[in-house]
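Engineer: what follows is a protein structure lacking sequence information:
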């Protein structure tokens, strides 16, 4: 198992290097004169020239790359070209916000998705199953941003149960945090809930048709124990989807953060690319890739724990 | 099963109610008066503060942030006229080479040090050395202390716009200790009516603590004061309707919602939109060096149609670079180019382009609303456009390398600043003004800068405006306004040249 984890870690580091370096060169090619975007339309040529020198954008890209990579290896993300603030401090403020949102969405998706999927899978073609399937079709058809807008208009603007914008840190106020995270998390989770429910339902129905299930049933094993077997055998596919969702929701958070005025990584990515703040964009890329690697590693470990055949492979 | 379901619903409902009651008022402003006559103000700004160091800040949307924590040497009113700040008054010498400022002695930085002549000189020198603020100090050779309450600027040459730029936000004074420490970008230290609160979450919400005994406290009755950067217009309006914000930057949708919500609407000119001609000299090989081609393009566009459809009736139909209703703007010039396709075709024919010509133009998302009307209008003249798609970031750098491009450019209230920024001085959006190719324009620009400031100079500026408009310096479609809505207790006076006004332009009205 340790060798298995080490191999995954090594491939993760290679992936991180390739993605971060690729992003560096792509960003510099796409934004040839970053000072223009950083200063905005009121900029004078003198200010543009001064900022270009200040941020070092007048130097060859390879020199900039070498410096950035060496600093990164020492854990230094650099400072934002936009506001001179240290990028690690910016990320430390923004990352927990998005992770909080995505984790709440994944937890909600896992809980409700597993519940609905299990109920539908154990009773195929029942009213629950039909409702889950119909719900899946409807929720897939609805654009995510539309659902978010409806939620905010109903529960924030009209009923004023939840705030329309903003994020409260749990350390500041736990109920405040729960209020600020509820609508965005639901918006983000709706599609994921039905995806997990569908996957689990199909997995359970397939497993239910296997010989070992018939054997268990014929031996008079209690229903709940049979259900546990079914769940264990159907779980890997759902867990894989859950991990993919975690990664997918990180990017989905961009729209939700915008609609709910939440300043997380999604909003930072958008504003940094609009401004041409390349060092901040690179910082976001690095931490996002690290999270993707960690989530996939955790998935592999959990799958290996559930199903030893994975480790052998 | 049914009982369990009902119990579950009841639990969820109870939890929701508990959450609602637990934190009610946490983020809400409600617009109610706070004790001591102070009024809570929660501003929804379009952009985050660009930099807390005023030497490196961009003026556009920074107004409310910087004016909260810094005092300015001089400020501005909504007409762009310099007003007292730390400088109570100032005198310009007869030869326009020396400006003397009398400074007040009752201001104090938030680190406890006095705002004395030495500190003011240090603060201004920091701005002069800065990346962006230096634009106001281009002709300032030296800033020196005269005595304890007087400082003096020595200029290398006459400068008719320096005071305007200083007032617009290029004279925010930071404490010398913070300048020396190089920590302003993270922790601003000024002598403004507020300090940045520790509870602020950078990029998300800035809270400000009111400074007791500030010399101009009466002008800033806002407490608590919060500023939330929020670039999504829908989120901004939702927050306004949910009573989390009470003053926002918005668009026509927000203005339309104002009536039913009893909100006040304030409008202020901000930008002109149209075609920017980068090849007036003809150096790029396009036909735009011929004045008849530029005039033809001006006659071709249906400005009223563009105003009604794209600008949704907000702003003004105009052919001019000078903001409507401000000095330098000549109302009659707006009728200079009535839509007249026959005239346009005839001018093109006279110039030798009876069948039109081919031209490449850049295109990025913010300019797409204008793309169809530009393509259609040019096609009617036989001009075929090849659009070269790019992103906004690249657009800003690439656009001036094309003979013409769709532009939305910020305007100034000060007419001399307009002459410099829009006509005479090379800018990123206009690296080659091509004045030599415009009949009499260079001579008229010289006349503007030689004239006595005041009425004589204004007359020269109006004549210059007439010259550049008639010769199709650009094809201006119209002038656009920025819109702000506020709850009924606030009055907002937008400033041309600032995308968002400073706190001084926000007052508690009746």
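Structural biologist: Nice, thanks for sending it over. These numbers come from a predicted model, not from an experiment.
Engineer: just to check, residue B:54 is in contact with residue B:136?
Structural biologist: No - between residue B:54 and residue B:136 there is no contact under CB atoms under 8 Å: 11.1 Å. Backbone N, C-alpha and C define where each C-beta goes, glycine included.
Engineer: now do the shared contacts for those two.
Structural biologist: Taking CB atoms under 8 Å, 6 or more residues apart in numbering or on different chains as the contact rule, residue B:54 and residue B:136 both touch B:127, B:170.
Engineer: the two: which has the busier surroundings?
Structural biologist: residue B:54 (27 against 24; other CB atoms under 10 Å in any protein chain shown).
Engineer: gap between that one and chain A?
Structural biologist: As defined by CB to the nearest CB, to the nearest Å, residue B:54 lies at a distance of 12 Å from chain A.
Engineer: pretty sure that residue sits in a strand.
Structural biologist: No - read with DSSP: H, G, I helix; E, B strand; the rest coil, residue B:54 is coil and lies in no strand.
Engineer: wait, what's in contact with it?
Structural biologist: For residue B:54, the residues meeting the contact criterion (CB under 8 Å, 6+ apart) are B:66, B:70, B:127, B:130, B:133, B:169-170, B:172-174, B:184.
Engineer: repeat that for 7 Å
Structural biologist: Neighbouring residues of residue B:54 by CB atoms under 7 Å, 6 or more residues apart in numbering or on different chains: B:66, B:70, B:127, B:133, B:172, B:174.
Engineer: where does chain A dip in pLDDT?
Structural biologist: Along chain A, the parts satisfying pLDDT under 70 run over A:40-42, A:307-313.
Engineer: the residue nearest the centre of it in helix, strand or coil?
Structural biologist: The residue lying closest to the centre of chain A (CA atoms, centre = their mean) is residue A:250, at 2.5 Å. Assigned with three-state DSSP, residue A:250 falls in the helix class.
Engineer: would you check that it makes contact with residue A:102?
Structural biologist: Yes - assessed by CB atoms under 7 Å, residue A:250 is found in contact with residue A:102 at 5.8 Å.
Engineer: for the residue of the stretch 401-510 of chain B found nearest chain A, give the beta-bridge partners.
Structural biologist: Proximity of the stretch 401-510 of chain B to chain A (CB to the nearest CB) peaks at residue B:410, 5.1 Å away. Counting by DSSP bridges, residue B:410 is bridged to residue B:271.
Engineer: wait, isn't it in contact with residue B:271?
Structural biologist: Yes - counting by CB under 7 Å, residue B:410 touches residue B:271, with 5.5 Å between them.
Engineer: and for residue A:113, the neighbour number?
Structural biologist: Residue A:113 has 27 nearby residues by other CB under 10 Å.
Engineer: nearest residue to it other than its sequence neighbours?
Structural biologist: residue A:196 (2.8 Å; CB to CB, 6 or more residues apart in numbering or on different chains).
Engineer: the one you found and residue A:227: what is the separation?
Structural biologist: 17 Å (CB to CB, to the nearest Å).
Engineer: the two: who's more crowded?
Structural biologist: Remark: of residue A:196 and residue A:227, residue A:196 carries more neighbours, 27 against 15, as counted by other CB under 10 Å.
Engineer: on the three-state scheme, that one is what?
Structural biologist: Once three-state DSSP is applied, residue A:196 turns out helix.
Engineer: measure it to residue A:114 for me?
Structural biologist: In terms of CB to CB, residue A:196 sits 7 Å off from residue A:114.
Engineer: again, but for residue A:211
Structural biologist: For residue A:211, the distance to residue A:114 (CB to CB) stands at 25 Å.
Engineer: who touches stretch B:157-165?
Structural biologist: B:74, B:80, B:82, B:96-97, B:135-136, B:139, B:414, B:416-417, B:420, B:453.
Engineer: by neighbour count, which of the residues you listed wins?
Structural biologist: For the contacts of stretch B:157-165, counting by other CB under 10 Å, the largest number of neighbours falls to residue B:414: 28 neighbours.
Engineer: can you tell me the closest non-neighbouring residue to that one?
Structural biologist: Spatial nearest neighbour of residue B:414, chain neighbours left out: residue B:164 (4.2 Å); criterion: CB to CB, 6+ apart.
Engineer: ok, now residue B:232?
Structural biologist: Once flanking residues are discounted, residue B:232 sits nearest to residue A:258: 4.7 Å by CB to CB, 6+ apart.
Engineer: returning to what we had before: now do the SS call for the residue nearest to residue B:414.
Structural biologist: Look at residue B:164: counting by three-state DSSP, its state is helix.
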